[in-house]
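A.B. asks: A predicted structure for the sequence below; I have some questions about it.
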Amino acid sequence: MPIYEYHCETCGKNFEFLTFGSEKPKCEFCNSQQINRLISTCGFVSKGKAGEVTRQSASASSCSGCSSTSCGSCSA
Ligand SMILES: [Zn+2]
(Lines give C-alpha, C1' and ligand atoms only; values in the text may rest on other atoms or scores of the structure.)
Protein backbone atom coordinates (compact mmCIF):
# COMPACT_ATOMS: atom_id res chain seq x y z
CA MET A 1 0.00 0.00 0.00
CA PRO A 2 1.41 3.29 -1.02
CA ILE A 3 2.24 5.96 1.50
CA TYR A 4 3.04 9.43 0.37
CA GLU A 5 4.33 12.50 2.05
CA TYR A 6 2.38 15.68 1.66
CA HIS A 7 2.91 19.31 2.39
CA CYS A 8 -0.09 21.27 3.58
CA GLU A 9 -0.44 24.66 1.95
CA THR A 10 -2.79 25.82 4.65
CA CYS A 11 -0.86 25.14 7.85
CA GLY A 12 2.54 24.50 6.32
CA LYS A 13 3.09 21.11 7.93
CA ASN A 14 4.32 17.93 6.33
CA PHE A 15 2.60 14.65 6.96
CA GLU A 16 2.38 11.15 5.54
CA PHE A 17 -0.84 9.81 4.20
CA LEU A 18 -1.59 6.19 3.52
CA THR A 19 -3.80 5.96 0.48
CA PHE A 20 -6.56 3.41 0.40
CA GLY A 21 -8.07 3.04 -3.03
CA SER A 22 -9.03 6.45 -4.33
CA GLU A 23 -9.40 8.09 -0.96
CA LYS A 24 -8.56 11.72 -1.15
CA PRO A 25 -5.78 12.77 1.16
CA LYS A 26 -6.20 15.71 3.43
CA CYS A 27 -4.11 17.41 6.05
CA GLU A 28 -4.10 15.45 9.28
CA PHE A 29 -3.64 18.66 11.23
CA CYS A 30 -6.23 20.99 9.75
CA ASN A 31 -8.16 18.76 7.32
CA SER A 32 -7.32 21.05 4.44
CA GLN A 33 -7.18 19.56 0.97
CA GLN A 34 -4.85 22.30 -0.17
CA ILE A 35 -1.88 19.96 -0.19
CA ASN A 36 0.97 19.03 -2.43
CA ARG A 37 2.43 15.59 -2.71
CA LEU A 38 6.16 15.39 -2.15
CA ILE A 39 7.49 13.17 -4.89
CA SER A 40 10.80 12.02 -3.47
CA THR A 41 9.67 10.43 -0.23
CA CYS A 42 12.38 8.02 0.87
CA GLY A 43 11.77 4.32 0.59
CA PHE A 44 8.71 4.60 -1.56
CA VAL A 45 8.72 5.13 -5.26
CA SER A 46 5.62 6.78 -6.57
CA LYS A 47 5.69 5.29 -10.01
CA GLY A 48 3.34 2.38 -10.33
CA LYS A 49 3.52 -0.65 -8.11
CA ALA A 50 7.09 -0.83 -6.92
CA GLY A 51 6.79 -4.19 -5.19
CA GLU A 52 10.42 -4.82 -4.56
CA VAL A 53 11.08 -1.32 -3.33
CA THR A 54 8.12 -1.47 -0.99
CA ARG A 55 9.16 -4.80 0.42
CA GLN A 56 12.69 -3.82 1.33
CA SER A 57 11.58 -0.64 3.01
CA ALA A 58 8.29 -1.69 4.50
CA SER A 59 9.42 -1.18 8.05
CA ALA A 60 10.87 2.27 7.58
CA SER A 61 9.79 5.48 5.98
CA SER A 62 13.27 6.46 4.98
CA CYS A 63 16.02 4.73 3.11
CA SER A 64 18.84 2.97 4.92
CA GLY A 65 21.29 5.70 4.12
CA CYS A 66 19.58 8.73 5.57
CA SER A 67 16.50 10.06 7.29
CA SER A 68 15.69 12.67 4.71
CA THR A 69 14.87 12.60 1.02
CA SER A 70 18.05 13.95 -0.40
CA CYS A 71 20.66 11.22 -0.39
CA GLY A 72 21.81 9.36 -3.47
CA SER A 73 19.88 6.18 -2.79
CA CYS A 74 16.67 8.11 -2.21
CA SER A 75 16.45 9.35 -5.75
CA ALA A 76 16.95 5.99 -7.42
ZN1 LIG B 1 -2.83 21.59 7.32
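C.D. replies: Arrived safely, thanks for sending.

A.B. asks: so which bits of this protein are right by the ion?
C.D. replies: Contact residues (CB under 5 Å from the ion) of the chain with the ion: 8, 10, 11, 27, 29, 30, 32. Bear in mind the C-beta positions are built from the backbone N, C-alpha and C, glycine included.

A.B. asks: residues near the nearest residue to residue 18 once chain neighbours are set aside, how many?
C.D. replies: Ranked by CB to CB, 6 or more residues apart in numbering and with sequence neighbours excluded, the top spatial neighbour of residue 18 is residue 3, at 4.8 Å. Applying other CB atoms under 10 Å, we find 15 residues neighbouring residue 3.

A.B. asks: swap in residue 38?
C.D. replies: Applying other CB under 10 Å, we find 14 residues neighbouring residue 38.

A.B. asks: just grab the bridge partners of it for me.
C.D. replies: According to DSSP bridges, residue 5 are recorded as the beta-bridge partners of residue 38.

A.B. asks: isn't the residue nearest to residue 18 up against residue 19?
C.D. replies: Yes: shown here, residue 3 and residue 19 form a contact pair, counting by CB atoms under 8 Å, at 7.3 Å.

A.B. asks: hang on, the earlier thing: tell me which of the residues of the chain next to the ion fall in strands.
C.D. replies: For those, membership in strands holds for residue 8, with DSSP state E as the criterion.

A.B. asks: put the buried members of the residues of the chain next to the ion into a ChimeraX selection.
C.D. replies: Buried residues within the residues of the chain next to the ion, by 16 or more other CB atoms under 10 Å, are selected in ChimeraX with:
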select :8,27
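
A.B. asks: tell me the contacts of residue 17?
C.D. replies: 3, 4, 5, 6, 25, 26, 28 (CB atoms under 8 Å, 6 or more residues apart in numbering).

A.B. asks: looking at this, it is in a strand?
C.D. replies: Yes: counting by DSSP: H, G, I helix; E, B strand; the rest coil, residue 17 is located in a strand.

A.B. asks: from the ion, how far off is residue 25?
C.D. replies: When distance is defined by CB to the ion, to the nearest Å, residue 25 is 11 Å away from the ion.

A.B. asks: equivalent analysis for residue 37, please.
C.D. replies: Going from residue 37 to the ion by CB to the ion gives 14 Å.
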